[in-house]
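Asks: with the sequence up front, the predicted model follows.
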Amino acid sequence: ATNGNGNGNGHSPYLEDSRTGLGVDTLKRAIRNNLFYVQGKFPEIATRNDYYMAIAYAVRDRLLQRWVASVKQYIQEKHRVVAYLSAEYLLGPHLANNLINLGIYKETEQACKELGLDLDWLIEKEVEPGLGNGGLGRLAACYMDSLATLEVPAIGYGIRYQFGIFEQDIRDGWQVEDTDNWLRRGNPWEIARRELSYDIKFGGYVQTYLDRAGKLCFNWIPELVVKGVAYDTPILGYKVNTANTLRLWKSEAPHSFDFQSFNAGDYNSAVNSKIICENISKVLYPNDEQIEGKRLRLQQQYFFVSCSLQDMIGIHLRQGEKIHDFHKKFVVQLNDTHPAIGVAELMRLLMDVHQLEWEEAWDITSKTFAYTNHTLLPEALETWDLQLFGSVLPRHLQLIYEINRRFVDYATIKLYGNHQKISSLSLIGEGPRKYIKMANLACLGSFAINGVAALHSELLKKTVLKDWYELMPHKFQNKTNGVTPRRWMVLANPELTNLISSRIGEGWIKNLHELKGLEPFADDPEFRKEWMQVKFNKKKALAKRIKKRLGLDVDPNSMFDILVKRIHEYKRQHLKVLHIITLYNQIKKNPNMDVVPRTFIFAGKAAPGYRKAKLMIKLINSVGEIVNNDPDINGRIKVVFYPNYNVTNAQKIYPAADVSEQISTAGKEASGTGNMKLSLNGALTVGTLDGANVEIRECVGEENFFLFGLTADEVAKVKSEGYKPWDYYSENPNLKEVIDQINSGYFSHLDSKVFKELTDSLLYDDQYLLFADYQSYIDTQAKVEEAFKDQDKWARMSILNTARMGKFSSDRSIREYCDEIWKVESVPVTLD
Ligand code: Z57
């Protein structure tokens with residue numbers, strides 16, 4: 001009973017040895033041993049990082065035991081496996097999460113204490129793998145957690161970027177990017193599988209010939225061959241033995257590839273080729289929902305997809321199965337169109353390598369893939385210049401032409417003469433230059449297509465994928481996103497976790513619907529008091545961080561009004577700024593007015609090449625500088641831009657939120673997931689009817705949600721009738737004042753040009769309808785202020801809000817994917 005797992009978590013009994021034991025003494029011994037034998041250090045000279053590594057390796061040993069057991073069982077019992085293909089995984093720090101999922105947080109804390117160490121202090125400095133931009137990458141990470149927790153056999157495939165998302169610093173109010181050298185101190189959570197590697201071809205040309213049987217064959221002669229090496233990270237489920245694999249590919253020069261040039265004495269060009277190979281997995285593209293049609297990006301996509309499919313085929317064949325049954329062994333989920341080249345690549349592998357005929361290859365391929373769409377923004381729909389595409393993937397261009405020829409033949413009959421529809425469905429776009437439409441390849445090659453929230457899935461069928469829906473309605477589904485309560489509640493907010501568990505037990509951590517049991521406690525004054533006390537403590541902790549990072553004093557008694565996400569015009573951070581300036585002007589005109597003190601907290605990165613987004617950051621900081629230092633305001637409102645928003649910082653911000661701002665233009669945010677994390681942590685939402693906000697409002701009740709703005713239908717209508725932002729500007733004196741003030745240089749040391757690009761785009765275009773929603777937003781914020789004055793009522797709303805968020809667990813999402821798309825079942829893993 002010293003293994004620290006006497007809490008009914010389902011571990012089977014096993015020997016308590018130094019590598020697997022979960023008790024305090026065993027952990028202590030393991031940490032000491034690792035410090036000596038892994039780090040080569042002793043306490044007198046050990047650094048903080050040495051201790052971190054020693055603990056990490058102790059935890060890793062315990063993960064490996066479960067991982068080996070899982071893999072063994074999957075192989076022996078030949079289970080069906082989910083392969084999740086994603087160019088991004090925004091995992092966040094591993095240590096604390098693994099301790100929670102192993103169920104040994106307390107034990108490890110105690111072991112550390114006895115060694116004179118502070119576990120939280122060690123966790124604090126862990127560098128996170130930022131292998132993603134935002135929502136899409138974080139969703140993949142939550143899904144990996146839920147797949148393991150639900151004991152579903154799964155492999156996540158992706159790229160082991162040497163540099164993840166850039167680190168953001170703010171200088172003079174502007175975003176400055178720094179490289180993310182996350183591997184510099186080593187990564188204890190991965191295992192390099194040197195023996196697991198595949199050759200990936202690029203460029204060159206295709207030879208056509210007839211074999212001895214007279215069959216037409218294709219031989220791709222590449223210009224460049226790159227080796228992909230597997231790096232595995234175990235992903236452990238919560239209090240289960242299942243540990244799945246996240247397999248990320250690193251690009252290298254193939255062994256002895258450079259001998260020719262080397263022997264010819266051309267050392268430089270040999271080294272150069274090595275660099276070209278390593279470049280492919282060098283850096284994550286920092287654009288979120290904005291494509292950059294770069295050769296290297298296409299190479300990255302093909303690189304990881306080809307490695308992954310070859311790996312799956314290898315696994316399948318090694319189990320003694322037939323290539324013909326590939327789709328029965330694996331279901332491959334495409335996380336957006338980034339891995340959609342997989343459709344053509346599987347065709348190539350099946351035909352050119354495994355000698356199948358077209359019909360059979362296509363039958364297998366189209367039963368293998370399923371596609372998740374994450375956006376309606378036309379600028380985010382991936383296309384590739386056909387010439388560029390052909391120069392990187394000449395064989396795939398041929399295959400796509402042939403896939404398209406057969407499809408267009410079919411569509412021509414089905415759609416009889418509707419040329420416009422046929423050309424919209426074609427995989428190839430015509431124009432001054434031809435291009436490949438990756439969403440069309442994904443739709444055609446997949447047996448299921450899903451959006452990520454109910455509204456989004458409906459809009460897909462009515463807009464960007466309308467023609468596909470009409471041709472193949474049976475493929476379309478919805479899978480509303482979710483988030484893992486392990487990281488976003490248990491880890492980020494242990495205080496709230498304990499409070500909740502003290503009343504309804506711990507079942508909710510695995511079955512989030514059980515939060516419903518909290519509803520009656522909204523009427524319990526003692527519970528309300530404790531609830532608000534937890535919130536206050538989390539606000540105090542965040543205030544302390546803000547003071548430390550920015551030197552700014554913020555009052556934890558003020559309302560913490562939080563807008564954190566990637567910076568994008570459609571997400572409308574600048575609408576929030578218009579509200580802040582409006583409030584500022586109100587107070588300036590009436591300094592004695594009764595105003596609820598508020599702290600506006602922003603955080604988020606802008607794509608380095610997205611000028612307007614960077615200008616929005618500058619605007620937030622400029623307004624902050626004036627507002628925070630104005631004696632008339634006297635600290636009643638404060639504006640904070642918290643730099644370098646990432647998983648680590650998000651874990652500190654969400655629990656401190658009173659208000660969650662979800663203010664995208666209706667119809668633009670596919671789902672949102674920050675909205676779920678904030679609400680789960682007790683924040684009340686101010687939001688439009690967009691993405692998953694719609695479903696959150698349905699669940700928490702309209703009386704606990706601050707709704708504003710046009711609906712998606714109204715947005716479409718206003719636009720079709722010829723939207724004129726200038727009219728709103730000239731007819732609304734408060735709005736006019738705010739815009740004029742920005743343009744006068746009031747917030748920019750009298751430089752009236754700084755924000756002109758932004759204000760002009762609002763006055764003359766306003767694609768995202770800030771002006772149309774302005775008054776509604778201001779009016780709603782007045783209601784938020786009124787509600788916050790009655791703290792007891794606010795507490796009630798906050799509790800009910802959390803109690804009704806059960807739907808938004810990624811466990812629920814993954815259950816639906818398993819049942820309705822993947823047709824996979826749970827496989828409980830036993831330890832021997
Ligand atoms: C990304 O983070 C998302 C969509 C994209 O097309 C790309 Br590229 C990156 C986001 C959506 O904007 C969110 O609304 C959504 O919640 C998230 O993906 C996960 O589905």
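Replies: Thanks, I have the structure now.

Asks: quick one, what contacts the closest residue to the ligand within the stretch 1-150 of the chain?
Replies: Closest residue of the stretch 1-150 of the chain to the ligand, CB to the nearest ligand atom: Gly135 (2.9 Å). From N, CA and C alone the C-beta is placed, and that goes for glycine too. Applying CB atoms under 8 Å, 6 or more residues apart in numbering to Gly135 gives the contacts 288, 374, 565-566, 671-674.

Asks: let's see it at 10 Å
Replies: Going by CB atoms under 10 Å, 6 or more residues apart in numbering, Gly135 touches 88, 90, 288-289, 374-375, 452, 481, 565-566, 669-674, 691.

Asks: cool, Thr383 as well?
Replies: Thr383 touches 291, 293, 337, 389, 428-429, 434-440, counting by CB under 10 Å, 6+ apart.

Asks: quick check: domain ranges of this structure?
Replies: 19-77+96-127, 78-92+128-481+816-822, 485-808 (automatic domain parsing).

Asks: on that earlier part again, and the residue of the stretch 1-150 of the chain closest to the ligand, backbone torsions?
Replies: phi -50, psi -40 (degrees, to the nearest 10).

Asks: cool, Leu90 as well?
Replies: Torsion angles, degrees, to the nearest 10, at Leu90: phi -100, psi 80.

Asks: repeat that for Phe303.
Replies: Torsion angles, degrees, to the nearest 10, at Phe303: phi -50, psi -50.

Asks: what's around it, how many residues?
Replies: The tally of other residues near Phe303 (other CB atoms under 10 Å) stands at 24.

Asks: please apply the same query to the one 4 residues further on.
Replies: Counted with other CB under 10 Å, the neighbours of Cys307 add up to 27.

Asks: for the closest residue to it other than its chain neighbours, the count of nearby residues, please.
Replies: Nearest residue to Cys307, sequence neighbours excluded (CB to CB, 6 or more residues apart in numbering): Gly228, at 3.8 Å. Neighbour count of Gly228, defined by other CB under 10 Å: 27.

Asks: listing partners with orientation, what would you give for the helix or strand containing Gly228?
Replies: Per DSSP states H and E, Gly228 falls inside strand 224-236. Strand 224-236 has the following strand partners under DSSP bridges: strand 191-202 (antiparallel), strand 243-252 (antiparallel).

Asks: and those strands as TSV, adding distance to Val353, mean neighbour count and mean pLDDT?
Replies: Below are those laid out as TSV (distance: least, CB to CB, whole Å; neighbours: other CB atoms under 10 Å; pLDDT from 0 to 100):
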stretch	distance to Val353	mean neighbour count	mean pLDDT
strand 191-202	11	16	97
strand 243-252	18	24	98
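
Asks: nearest to the ligand, of those strands?
Replies: Judging the strands paired with strand 224-236 by CB to the nearest ligand atom, what sits closest to the ligand is strand 243-252, at 17.9 Å.

Asks: filter the contacts of Thr383 down to the ones in strands?
Replies: Among the contacts of Thr383, the members found in strands (DSSP state E) are 428-429, 435-437.

Asks: can those go into CSV with extra columns for pLDDT, neighbour count and distance to Asp199?
Replies: Below are the ones in strands among the contacts of Thr383 laid out as CSV (pLDDT from 0 to 100; neighbours: other CB atoms under 10 Å; distance: CB to CB, whole Å):
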residue, pLDDT, neighbour count, distance to Asp199
Ile428, 98, 19, 29
Gly429, 98, 17, 32
Tyr435, 98, 19, 28
Ile436, 98, 27, 24
Lys437, 98, 23, 29
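
Asks: and which of those is nearest to the ligand?
Replies: Closest to the ligand, out of all of the ones in strands among the contacts of Thr383 and judged by CB to the nearest ligand atom, is Lys437, at 15.0 Å.

Asks: the nearest residue to Leu386 once chain neighbours are set aside: neighbouring residues, count only.
Replies: Spatially, and ignoring its direct neighbours in sequence, Leu386 is nearest to Lys434 (4.0 Å; CB to CB, 6+ apart). Residues lying near Lys434 (other CB under 10 Å) number 15.
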